[in-house]
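K.L.:
Test case, fold it:
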Amino acid sequence: MALQVQPKLIIHGGAGSSLKSKGGVEVVRRSLYPIIEEVYSLLLSGLSATQAVVRGCQLLEDDPCFNAGTGSVLQSDGQVRMSASLMDGVSRSFSGVINVSRVRNPIDLAQFLQTSPDRVLSDFGAAELARELQIPSYNCLTELRLQEWIQERQDNFKRTMAGVVAEEELLETSNARRGTIGVVALDTNGKLASGTSTGGKGFERIGRVSDSAMPAGNYATEYAAVSCTGIGEDIIDECLAARIVVRVTDGMSLQEAMERTFTEASKHHRDFGAIALDAQGAIAWGKTSQALLAAYHNGNKIGDTLELVVGTEVGCIND
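P.N.:
Just a heads-up that it's a prediction; the model follows:
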């Protein structure tokens, strides 16, 4: 089957303080690269962008290294509550779930809601949907996340959020930032989609809502698609994903849209990152945080952003 469009793919596992050693970088690569390989092969076989995004999010949610699905952080009351969203760039259909518990893959609920008249559900509604779909109850809690929460409780929650990754040797210090996962894909038909999933900040007030189930954190049109990670409140304040996508939709190149948006964000002292694709196959990322845990496939090879310099940075790969 001849390819109509060369598919492209970029994924992320969070943004935060720098991975402290080469060993830390390699741990994250061992998680991200197999997912890139599997999902990219599916895109080459003709899988749609939306289906590829869902599969990528499932794999990232299943990896306890990241703060989504299995390995999600605990809120202040010791409970896991997760949020996820999915957006199809062609239909411009946004769907998501907010603060859902006891499901393995929150992105599955977001996918089902793509064709629902009610496309964003919060805790009780999402739980009822999971029951209707007969999704088995699942405990996302890991021992490492539990011990992290116990330690913070003993310290009276001095930290306002949990670590970006859950590998023991990588547990971050008090300046750590958020671990959300995300996938952005361009398929062989030139269609774009994005998906984002998170366990939240960790230790937050009960009922706090992240950006991951909002267009601020996950947005796509037929022109561009973006998934964000970092401090949710900062992402919401900048309406980050939608701002980048609207600028591309209005005629800016993806690189220009990313550069302008992140320049503005750095002036406001924001702390986040974003990954993006456009309909021409350009791959882009940006960060104001120290590290962005992202990897991509440009059609020829896999690359990543794990060893970028500290500070605001925008990168773009064009065909």
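K.L.:
just the strands in the stretch 101-250 of the chain please.
P.N.:
Counting by DSSP state E, counting those that start in this stretch, the stretch 101-250 of the chain forms strands over residues 120-121, 180-186, 192-198, 218-220, 224-230, given from the N-terminal end onward.
K.L.:
Redo those strands as CSV? Include mean pLDDT and mean neighbour count.
P.N.:
Every residue, glycine included, has its C-beta placed from N, CA and C. Formatted as CSV, the entries for the strands of the stretch 101-250 of the chain read as follows, by pLDDT from 0 to 100; neighbours: other Cβ atoms under 10 Å:
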stretch, mean pLDDT, mean neighbour count
strand 120-121, 98, 21
strand 180-186, 97, 33
strand 192-198, 98, 32
strand 218-220, 98, 32
strand 224-230, 97, 33
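K.L.:
a markdown table for those, including distance to Ile236?
P.N.:
Below are these laid out as a markdown table (distance: least, Cβ to Cβ, whole Å):
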| stretch | distance to Ile236 |
| --- | --- |
| strand 120-121 | 15 |
| strand 180-186 | 13 |
| strand 192-198 | 13 |
| strand 218-220 | 12 |
| strand 224-230 | 10 |
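K.L.:
who wins for proximity to Ile107 among those?
P.N.:
Distances from Ile107 to each of those were compared by Cβ to Cβ, and the smallest falls on strand 192-198, at 5.3 Å.
K.L.:
mind listing what that closest one pairs with, with the direction of each?
P.N.:
Partner strands for strand 192-198, per DSSP bridges, with pairing direction: strand 82-88 (antiparallel), strand 180-186 (antiparallel).
K.L.:
quick one: which of these is nearest Val28?
P.N.:
Among these, the nearest to Val28 by Cβ to Cβ is strand 180-186 (11.8 Å).
K.L.:
Just want the angle from the helix or strand encompassing Val25 to strand 180-186.
P.N.:
For Val25, the element it lies in under DSSP states H and E is helix 22-44. For the pair helix 22-44 and strand 180-186, the angle between their directions (axes from the mean of the first three to the mean of the last three Cα atoms, to 10 degrees) equals 40 degrees.
K.L.:
Please point out which parts of helix 22-44 sit buried.
P.N.:
Of the residues in helix 22-44, those scored as buried under the neighbour-count criterion (16 or more other Cβ atoms under 10 Å) are 24-25, 27-29, 31-32, 35-36, 39-40, 42-44.
K.L.:
how about those, which pair is most distant?
P.N.:
In those, two members sit farther apart than any others by Cβ to Cβ. They are Gly24 and Leu44, at 30.7 Å.
K.L.:
with the buried residues of helix 22-44 in mind, which one is nearest to Leu306?
P.N.:
Here the nearest of the buried residues of helix 22-44 to Leu306, counting by Cβ to Cβ, is Val25; it sits at 4.8 Å.
K.L.:
show me what contacts that closest one?
P.N.:
The contact partners of Val25, by Cβ atoms under 8 Å, 6 or more residues apart in numbering, come to 19, 306-307.
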